[in-house]
Structure formats: structure tokens, C-alpha cells
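Chemist: requesting a structural model of the entry that follows:
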Amino acid sequence: MSDTNTHAPAGTATADPRPGGRTGRLIGTALILVLLVVLLVLPLYVDQFWLSTGFAVCGAIVGALGLNLLVGTTGQLSLAHAFFLAVGATTYTFVSGSPGGFAEKHGGLGWPPLAGMVAGVVLAGAAGLLFSPVAARLRGIYLGVASLGLVFVGQHLLNTWTTVTGGFNGRTTPSFSLFGFSFTDDHPYLAILGVPFGSAERLWYLGILLALGAYLFARNLVRSRPGRALQTLRDSEVAAAVMGVNVQGYKARAFFVSSLYAGLSGVMYGLSIGSIAPESFGLDVSVQYLAMIVLGGLGSMGGAVFGAMVVSALPLVFQQYADSLPLVSAPGEGGVSAGLAARFLYGAFIVLIVLFEPAGLAGLARRFRRRQRPEPDPEVAPEADAAPDSDRSPERSVH
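Modeler: Modelled structure (predicted):
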């Protein structure tokens, strides 16, 4: 055989064999750094509405990432996401809140807000773990119907367990602070470059930190050995069992991790709204989260982020600019409300995605990247194809 197919000496840098591989990574890293810088300086230039919307979007991103791990990565259909959001939000409100109420008296433990947040996340995960034996034995539409029952159970508890939830009218979410630094008021006073940092600016940075941490954990989980086992479950449970994957065990863990994400998302939702009520955790919320991951692309963490941005931000933006948008009316004026118009719009997006790009927004991004890659050299490719497999193997190469 020819000696041209040799390895580079040890310690010698080799070029990335993929077309545009190294350049693509450098561009991607640069774009991420620019995005982070923009997110950090954005509170200095935008008004309170966009910062409050950004924190709400960050909460939706956390919830969408958790549901995507369950539905997109593991292939388990769940309609109970609203229930786990309610568990997280209610636990935080009760653990860190104080007794009070007018029409309905409610209790509270008055613990530090960080302890309440941790308790909300852990209790939501525990609720998911309790449901995991059911999830481990069902799949597809049967699991979806079984998980749907949790939403109805949650609605009943939210309306009747008044000492914890506040009943039909709900209760106010306690403020969040960390080591004496409050994120929901102006104490202590803080100003950067002459711009006072109030609750909107502080919650913005808190939301960015939590959403970024949730994204990195989910991405690394999918790329790890347990993540590959979850993807094998999605493709074929029989094949996964043959390869030694504990099918029921991994299903239970996926439901547990997804519930943890939902609990954190529920806490962030309560902080963004300032109160919780039973109507905030109905079946429509679970459907909205499914819309997020379908629109972004099942199994794609980046797609879940973009899907959450579209679905959660559209109603708020439409409501803010209802006077300027055609066919959209302000609250209380009749006609098509901002929330309904947003649902029509992202519903149409989902129909188009399912028809023309089932992989969602992530599939569109992959298609665009493939078009940007340079074509392989036609003079080199035939030689590589003509070489036998034995020559391509490192063990048979000539050093």
C-alpha cells in the first residue's frame, strides 16, 4: 500500500477533517461571548418591561429544558408539567412566606428565600419521583393520559388546601433575597454607570444565571453516558434493554430530573408575576410547554430555548403593544386579546413546523449550517473513497 496514508507524529497538531470544523467552532464561541456581553449590558439600555419579560422568559426556558429532557431526549410524553410547576411555586411561597390573608387565611414558615427555593425544587423532584413508578411502566399516549390526572389533582389541591395555597384567590409570592441582597426591591441601593438597579434589573441577572446553569447541566447530561442511555430508550426500549440499560430505572430518573427543572421554573414564575393562583397552573400551561419544545425541536436544548422565548414572550409583547398591532385589542376592550392572538400565531408556527420541518427551529439551524459549509474537494474525495478500509485503520497505517 502507499505510504501517503500515514499518521502525523505525536504532539503534532492536525487539522480538523470536517469542512469548516475549526472555523465553525471559533465563530460559535465568538457569537456566544458577544451574546453574553449583550445580555450583561442590556439592563443599562432597555426599559423595565423588557427586563421583566426577560426574567419570565428565563423561567420558561428552565421549564422547557426539563420537559425536553423527558419528552425529546427520553421519548416519554408528559402533560403534568403544570403540576410540577405548581408544586415548586406553592412550596416556595409557603416555606418563605408569612401567615396572613383576608378572605382566606393562609400559613407560612417564614424561612429564608433561598431555603424556600431549594425546598420548592426538591419537593417537585420528590413528586416526580413518586410518580416515576407509573411513568416507568407506561409509554406514549397512555403515559400522557396518566400524567394528565396530576393536573386535575393539582387544581383540586390548589383550590381547597387554603392554608398553604391561599385558595381560589391565591397568595402573594414572598420577595427573594440572598445574603441580605434583595432581588425584588431596591434594598440595598445599587447603581451602575448612573443607572439605578431596581427589582427588574436584579431579577434579570438572576434569571440569566439560573437559565444558563440549567442549560449547561442539560447539555452536559445529554452528552454524557446517562444521556446516551436516555436517547437509546427513546429510539427503542428493547434495544436499550439488550445493551444493558435499566429501562425502568432510567425512565424514573428522567422524570425526576424533569420535575426538578419544573420546580425551579415554578419558583421563577411566582417571582416574575408576584403572586400565584390555581388558574396559573392549568392544563393550558402544560400544552404551552409542549408547544415550546415542539416548535424548537424535540431533543434539542438550543431549540427548547428558542421555543420558550417565542411562546412565553409573544403574549407579553402583544399585550404591551396592543394599541399598535392590528386585530389585537387591549385588556377589557373585547375582540382578540393579546394572549389569544399569540396562541394563534405560535399555533400556526407549530402547524408549519410539523408540515415542513419536523425537527423544528433546531432543524432549520442545522440545515442552514450545512449550506454554509464548503463543498469537499472533488479531486481529493475519490482518492479517499478508493482507499480500502484497512488502510484507513490506525492499526494498519504506516508510521
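
Chemist: where does this structure have low pLDDT?
Modeler: 1-21, 24, 28, 102-103, 330-335, 369, 371-399 (pLDDT under 70).

Chemist: now do the helices in the stretch 151-300 of the chain.
Modeler: Here the stretch 151-300 of the chain has its helices, by DSSP state H, counting those that start in this stretch, at 162-165, 199-223, 225-235, 237-242, 247-273, 283-296.

Chemist: hey, which of those is tucked in deepest?
Modeler: helix 247-273 (a mean of 26; mean count of other C-beta atoms under 10 Å). Quick note: C-beta positions are derived from backbone N, CA and C, even for glycine.

Chemist: what is it packed up against?
Modeler: Where contact means 3 or more C-beta pairs under 8 Å, 6 or more residues apart in numbering; DSSP states H and E, helix 247-273 is packed against helix 48-68, helix 81-96, helix 113-137, helix 199-223, helix 225-235, helix 237-242.

Chemist: apply 6 Å and report the result again.
Modeler: helix 48-68, helix 81-96, helix 113-137, helix 225-235, helix 237-242 (3 or more C-beta pairs under 6 Å, 6 or more residues apart in numbering; DSSP states H and E).

Chemist: tell me the gap between that helix and the middle of its chain.
Modeler: 10 Å (C-alpha atoms, centre = their mean, to the nearest Å).

Chemist: same check on stretch 306-325?
Modeler: The answer for stretch 306-325 is 18 Å, by C-alpha atoms, centre = their mean.

Chemist: shift numbering so it begins at 809
Modeler: With 809 as the first residue, the last one maps to stretch 1114-1133.

Chemist: what's next to it, contact-wise?
Modeler: Stretch 1114-1133 has contacts (C-beta atoms under 6 Å, 6 or more residues apart in numbering) with 857, 861, 865, 868-869, 872, 1096, 1099-1101, 1103-1104, 1136, 1138, 1146-1147, 1149-1150, 1154, 1169.

Chemist: now do stretch 1011-1022
Modeler: So stretch 1011-1022 is contacted by 847, 851, 859, 862-863, 866, 869-870, 873, 991 (C-beta under 6 Å, 6+ apart).

Chemist: just those now: which is nearest residue 830?
Modeler: residue 847 (26.3 Å; C-beta to C-beta).

Chemist: which residues touch that closest one?
Modeler: residue 1016.

Chemist: list the buried residues of the helix or strand hosting it.
Modeler: Residue 847 belongs to helix 829-849 when elements are defined using DSSP states H and E. Within helix 829-849, the residues scored as buried using 16 or more other C-beta atoms under 10 Å are residue 847.

Chemist: SS state for residue 887?
Modeler: coil (DSSP: H, G, I helix; E, B strand; the rest coil).

Chemist: and the contacts of stretch 1114-1133, which are buried?
Modeler: Buried, going by 16+ other C-beta under 10 Å: 861, 865, 868-869, 872, 1096, 1099-1101, 1103-1104, 1136, 1146-1147, 1149-1150, 1154, 1169, out of the contacts of stretch 1114-1133.

Chemist: from the contacts of stretch 1011-1022, which two are the most distant?
Modeler: 851 and 873 (23.4 Å).

Chemist: looking at these two, which has the bigger crowd around it?
Modeler: Higher neighbour count among residue 851 and residue 873: residue 873, with 29 against 22, using other C-beta atoms under 10 Å.

Chemist: pretty sure that one contacts residue 1026?
Modeler: Yes: in this structure residue 873 lies within contact range of residue 1026 using C-beta atoms under 6 Å: 4.7 Å.

Chemist: quick check: neighbours shared by these two?
Modeler: With C-beta under 6 Å, 6+ apart as the test, residue 873 and residue 1026 reach no residue in common.

Chemist: can you redo the helices and strands packed on helix 1055-1081 as TSV with distance to residue 1127?
Modeler: Converted to TSV, the helices and strands packed on helix 1055-1081 look like this (distance: least, C-beta to C-beta, whole Å):
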stretch	distance to residue 1127
helix 856-876	10
helix 889-904	21
helix 921-945	27
helix 1033-1043	37
helix 1045-1050	44
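
Chemist: which one of these lies nearest to residue 1007?
Modeler: Closest among these, using C-beta to C-beta: helix 856-876, at 8.7 Å.

Chemist: now the closest one - C-alpha only, CSV.
Modeler: The C-alpha coordinates for helix 856-876 follow below in CSV (Å, rounded to 0.1, in the frame of the first residue of the first chain):
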residue,chain,number,x,y,z
GLN,A,856,-38.4,47.7,32.8
PHE,A,857,-40.9,45.9,30.5
TRP,A,858,-38.2,44.1,28.5
LEU,A,859,-36.3,43.2,31.7
SER,A,860,-39.4,41.8,33.4
THR,A,861,-40.3,39.9,30.2
GLY,A,862,-36.7,38.6,30.0
PHE,A,863,-37.0,37.1,33.5
ALA,A,864,-40.3,35.5,32.7
VAL,A,865,-38.7,34.0,29.5
CYS,A,866,-35.8,32.7,31.6
GLY,A,867,-38.2,30.9,33.8
ALA,A,868,-39.9,29.4,30.8
ILE,A,869,-36.5,28.3,29.4
VAL,A,870,-35.8,26.3,32.6
GLY,A,871,-39.1,24.6,32.4
ALA,A,872,-38.8,23.9,28.6
LEU,A,873,-35.3,22.4,29.1
GLY,A,874,-36.7,20.0,31.8
LEU,A,875,-39.6,18.9,29.6
ASN,A,876,-37.3,18.4,26.6
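
Chemist: and the contacts of it?
Modeler: Here helix 856-876 has contacts from 851, 889, 1008, 1011-1012, 1015, 1019, 1022, 1026, 1066, 1069-1070, 1072-1073, 1076-1077, 1080, 1097, 1100-1101, 1112-1113, 1116-1117, 1120-1121, 1124, 1128, using C-beta under 6 Å, 6+ apart.
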